[in-house]
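[1] predicted coordinates and the sequence they were generated for:
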Amino acid sequence: MEFKLPFLNRTPSVAVVRLTGAIGIPGQGSLNAAGLAPVLTRAFRRGKPAAVALQISSPGGSPVQSSLIGAQIRRLAEEHEIPVFAFVEDVAASGGYWLAAAADEIYADESSLIGSIGVISSGFGAHVFLARQGIERRVHTAGESKSMMDPFSPEKEEDVARLKVLLEGIHQNFIKHVRSRRGPKLGSGENLFTGEVWLAERAQSLGLIDGTAHLEPLMKERYGEKVKFRRYGPKRPFWSRLSARAVQDAMTGVEERAAYARFGI
């Protein structure tokens, strides 16, 4: 008589985590480390998945939150010895590519936009408008650099110089992350770190991704036609659609829409 032990013939599963939207600080309705921590933990731990697949569509955002999320992914992957695949949808730019680089392999659609390995700081200057309206700006600080880049005061050369030092430091951290994750896969014949974006085919030739493929077909190719997909993602609580929180989420949506618009999406 032949006995079959179910746990020895278990169908493999792939945990799918959707990472969509801008990356921002906690409490603003965007992707952030605090909100994703329980999602990622469940994905790596529940049901002993054969792999974790990240579905990414993000124009970027906070470099710190990008780093924290990427570090969470790597810690869990190494702790549970589970391979991680990233599948780029519309765009993985700036912080979005930082997340993709946390994976062991990166794939994209042929029309996906990849890259933007750079750092940007944007703002506005309203001091001329205030002056025309007869409004006087009054600022008192303890510390000469405390009011650096105040949008209601004229821009100062020394403030711009300080800001460039900060941006360059963050840029170098980004470059170090990409080099550590992609290693010898990266091409050497072109500067990859100018902030430029590329379509998937070009990104592959530069070593930024491993190929063009979609999630389910590739995972079935790797783990069999019967592989199961378990999907995870941040859940928005009911109260987030109410009152002041709804207004805040609406503002976040406008900012996120503007971030995607930079890439013509």
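    The structure has been received and is ready for your questions. Not measured: the values here are computed from a predicted model.
[2] which stretches in the stretch 51-200 of the chain count as strands?
    With DSSP state E, counting those that start in this stretch as the criterion, the stretch 51-200 of the chain has strands at 51-58, 84-93, 105-108, 113-115, 197-199.
[3] turn the ones you listed into a markdown table, columns for mean neighbour count.
    C-beta here means a position set from N, CA and C on the backbone, and glycine is covered the same way. Converted to a markdown table, these look like this (neighbours: other Cβ atoms under 10 Å):
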| stretch | mean neighbour count |
| --- | --- |
| strand 51-58 | 24 |
| strand 84-93 | 26 |
| strand 105-108 | 25 |
| strand 113-115 | 25 |
| strand 197-199 | 19 |
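[4] among these, which is nearest Pro184?
    Closest to Pro184 of these is strand 105-108 (Cβ to Cβ; 14.2 Å).
[5] and that closest one, what's its mean pLDDT?
    Per-residue pLDDT over strand 105-108 has a mean of 98.
[6] for it, output the C-alpha coordinates as CSV.
    Presented in CSV, the C-alpha positions along strand 105-108 are these (Å, rounded to 0.1, in the frame of the first residue of the first chain):
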residue,chain,number,x,y,z
GLU,A,105,16.1,39.7,-10.4
ILE,A,106,14.2,42.6,-12.1
TYR,A,107,11.8,42.3,-15.0
ALA,A,108,9.7,44.8,-16.8
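[7] okay, the strands of the stretch 51-200 of the chain in a markdown table with distance to Val227 next?
    Below are the strands of the stretch 51-200 of the chain laid out as a markdown table (distance: least, Cβ to Cβ, whole Å):
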| stretch | distance to Val227 |
| --- | --- |
| strand 51-58 | 9 |
| strand 84-93 | 12 |
| strand 105-108 | 16 |
| strand 113-115 | 26 |
| strand 197-199 | 29 |
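[8] those: which one's closest to Ala213?
    Short answer: strand 105-108, nearest of those by Cβ to Cβ, at 4.2 Å.
[9] hmm, Tyr223 and Phe229 touching each other?
    No - with contact defined as Cβ atoms under 8 Å, Phe229 does not count as touching Tyr223 (10.2 Å).
[10] next, count neighbours for Lys176.
    By the other Cβ atoms under 10 Å criterion, the neighbourhood of Lys176 contains 10 residues.
[11] quick one: buried residues of stretch 36-43?
    Neighbour-count burial for stretch 36-43, counted by 16 or more other Cβ atoms under 10 Å, picks out 36, 39-40, 43.
[12] so which of Phe229 and Tyr223 has more stuff around it?
    It is Tyr223, of Phe229 and Tyr223, that has more neighbours when counted by other Cβ under 10 Å, with 17 against 14.
[13] just to revisit the earlier point, which of the buried residues of stretch 36-43 fall in strands?
    Per DSSP state E, strands hold no members of the buried residues of stretch 36-43.
[14] from the residues you listed, which land in helices?
    Per DSSP state H, helices hold the following members of these: 36, 39-40, 43.
[15] what is the most widely separated pair among the buried residues of stretch 36-43?
    Using Cβ to Cβ, the two most remote members of those are Leu36 and Ala43, lying 9.7 Å apart.
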